[in-house]
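Trainee: missing the sequence, but the structure's below:
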């Protein structure tokens, strides 16, 4: 009997050991599942962090590129100084243009007055002068572009093609 009891005890102990191993295996499996969930959560968080870091890196690269462009430009103080000089030059040129325009208008009026006086003198001379005079008259004076030319006096009594006697 002892053999049976011992065999029964061994078998119970094997069953008991197997049950404990199964329980330990199930606990280990639960811990592994929890660890896998924590690892997946960590992976998601790390992916988010990587995405954020990519955006930060992109922004830093853009900033560096813009900083290089800004370095090639003149400083603001110099640009403002240059702008002020250009504004002063522009106003000086506008004043000169206004002055020149005024001078041109005055010269135009003087020239018109001169032409008017010449016309009046022509009329006065035509009334006072005899038509047979050989001297140039104001009728024979032509003014073009500031230059005066004298053409031979024309006798209004003589028709074209007839010579003077």
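Mentor: Thanks, I have the structure now. All of these numbers come straight from a predicted model, not from anything done at the bench. Numbers count the residues shown, from 1 in each chain.

Trainee: can you give me how far stretch 37-50 is from the chain middle?
Mentor: The chain centroid and the centroid of stretch 37-50 are separated by 47 Å under C-alpha atoms, centre = their mean, to the nearest Å.

Trainee: Quick one: mean pLDDT for that stretch?
Mentor: Stretch 37-50 comes out with an average pLDDT of 96.

Trainee: contacting residues around that stretch?
Mentor: Stretch 37-50 has contacts (C-beta atoms under 8 Å, 6 or more residues apart in numbering) with no other residue. C-beta: built from backbone N, CA, C; applies to glycine.

Trainee: just the helices in the protein please.
Mentor: 2-72, 76-128 (DSSP state H).

Trainee: Find the nearest non-adjacent residue to the spatially most central residue of the chain, please.
Mentor: Against the mean C-alpha coordinate of the chain, by C-alpha atoms, centre = their mean, the closest residue is residue 73 at 14.7 Å. Spatial nearest neighbour of residue 73, excluding adjacent residues (C-beta to C-beta, 6 or more residues apart in numbering): residue 79 at 7.7 Å.

Trainee: Report the helix or strand with the lowest average pLDDT across the protein.
Mentor: The weakest-scoring helix or strand in the chain, judged by mean pLDDT, DSSP states H and E, is strand 147-150 (a mean of 51).
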